[in-house]
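**Q** For reference, the sequence and a predicted model appear below.
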Amino acid sequence: MDIAEQIKKIRKEKGLSQQDVADKLSMNRVQYNRIETGNSDPTMNILRRIANVLDINVVEFFEAKNNGTEAHTVNEPLLQKVRLLEELDEVQKNSIYNMIDTAFANKRLKEALSNTMSITI
């Protein structure tokens, strides 16, 4: 189960609508829907905000339940790192999440520029 599916599953378990969560995030419902459907990759800061609205730990987005009982993960090393991040104070967490978001933004920009360059050549 991917992060988008986990977000949707947990939101439904909490009895919240997409509009409820979007409102608490000060986000448009369509924008939030794109996150749940996997059409938009949320930043780490957005994941933290969604986790806060759902009253869970960010780690739960990276865990999947097997038959509703046993937790297992697809990427255990990533989960361990997220767990360690959650132990840091807020300032440290925000700094690291901002670095992660910046790295992904740079990667997307490079990909977009590369695609543009290959189209125009």
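**A** Nice, thanks for sending it over.

**Q** Would you mind listing the buried residues in stretch 54-66?
**A** Residues 54, 56, 58-62, 64 are the ones in stretch 54-66 that count as buried (16 or more other Cβ atoms under 10 Å). All C-beta spots, glycine's among them, are computed from the backbone N, C-alpha and C.

**Q** Can you name the two of those that sit furthest apart?
**A** With distance counted by Cβ to Cβ, no two of the buried residues of stretch 54-66 lie farther apart than Leu54 and Ala64, which are 15.9 Å apart.

**Q** follow-up on the earlier one: just checking, which of the buried residues of stretch 54-66 belong to helices?
**A** Under the assignment DSSP state H, those contribute Leu54 to helices.

**Q** just the buried residues of stretch 54-66: which has the poorest pLDDT?
**A** Model confidence across those bottoms out at Ala64, which has 64.

**Q** Would you map the strands across the protein?
**A** According to DSSP state E, the chain carries its strands in the segments 64-66, 70-72.

**Q** Go through those strands and find the least confident stretch.
**A** Taking each of these in turn, the one with the lowest mean pLDDT is strand 70-72, at a mean of 49.
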